[in-house]
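1. I need the structure of the sequence given here:
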Amino acid sequence: QVQLVESGGGLVQAGDSLRLSCAASELTFTTYSMGWFRQPPGKEREFVAAISRDGGSTHYTDSVKGRFTISRDNAKNTVYLQMNSLKPEDTAVYYCAATRVFGRSTVRTTREMYDYWGQGTQVTVSS
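-> Take a look at the predicted model:
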């Protein structure tokens with residue numbers, strides 16, 4: 001069955017960087033737009049970033065623009081989230097997700113439109 005496996009989370013200090021990875025298996029990776037979401041403690045899961053099938057289009061939530069970068073390697077069936085200048089408010093469980101799309105440049109920000117989810121990886125940023 002389809003699996004999305006995140007890695008790269010951890011405990012860091014404010015201002016540090018982390019790179020999250022999400023390896024996908026048992027799906028045709030190039031037919032899926034990919035996204036990263038996060039769920040802070042006591043809050044709902046929220047959109048962070050998304051990337052199109054071909055990697056040519058990206059979209060970010062305002063709070064991470066200029067600090068986070070989403071990318072993908074279709075040869076490795078992997079999507080990444082480079083997180084720089086981390087802040088305590090970035091503390092959350094981070095999830096990657098896949099959504100089947102037909103448009104090459106389609107990105108989606110709504111969690112209900114995603115078909116598959118990973119198990120999540122914890123990111124904790126101390127002040």
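
2. any idea which element the residue most central in space within the chain lies in?
-> With distances taken as C-alpha atoms, centre = their mean, Trp36 lies nearest the centre of the chain, 2.2 Å away. Per DSSP states H and E, Trp36 falls inside strand 32-39.

3. for the residue lying closest to Ala14 once chain neighbours are set aside, what are its contacts?
-> Closest residue to Ala14 apart from its sequence neighbours, by C-beta to C-beta, 6 or more residues apart in numbering: Ser127 at 5.3 Å. Quick note: C-beta positions are derived from backbone N, CA and C, even for glycine. The neighbours of Ser127, taking C-beta atoms under 8 Å, 6 or more residues apart in numbering as the test, are Gln13, Ala14, Pro88.

4. okay if I get those residues as TSV plus distance to Arg108 and secondary structure?
-> Output for those, formatted as TSV (distance: C-beta to C-beta, whole Å; DSSP: H, G, I helix; E, B strand; the rest coil):
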residue	distance to Arg108	secondary structure
Gln13	33	strand
Ala14	30	coil
Pro88	28	helix
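
5. returning to that earlier point: can you tell me how far the residue nearest to Ala14 sits from Phe68?
-> In this view, Ser127 and Phe68 are 19 Å apart by C-beta to C-beta, to the nearest Å.

6. Ok, Thr28 next?
-> 26 Å.

7. cool, and Val5?
-> Distance from Val5 to Phe68, by C-beta to C-beta: 20 Å.

8. Which one's more surrounded, the two?
-> Shown here are Val5 and Phe68; by other C-beta atoms under 10 Å, Phe68 has more neighbours (22 against 14).

9. Am I right that the more buried one is in contact with Phe47?
-> No. Checked against C-beta atoms under 8 Å, the pair Phe68 and Phe47 is beyond contact range at 11.8 Å.

10. in this protein, what spans have low per-residue confidence?
-> For the chain, no stretch has pLDDT under 70.

11. can you give me the helices in it?
-> Under the criterion DSSP state H, the chain contains no helices.

12. Just the CA trace of the strand holding Trp36, in PDB.
-> Extracted in PDB, the C-alpha atoms of strand 32-39 (Å, rounded to 0.1, in the frame of the first residue of the first chain):
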ATOM      1  CA  TYR A  32       1.000  13.600  -7.300                       C
ATOM      2  CA  SER A  33       1.400  17.100  -6.000                       C
ATOM      3  CA  MET A  34       2.900  17.000  -2.500                       C
ATOM      4  CA  GLY A  35       2.400  19.100   0.500                       C
ATOM      5  CA  TRP A  36       3.700  19.700   4.000                       C
ATOM      6  CA  PHE A  37       1.300  20.400   6.900                       C
ATOM      7  CA  ARG A  38       1.900  20.800  10.600                       C
ATOM      8  CA  GLN A  39      -0.100  20.500  13.800                       C
END
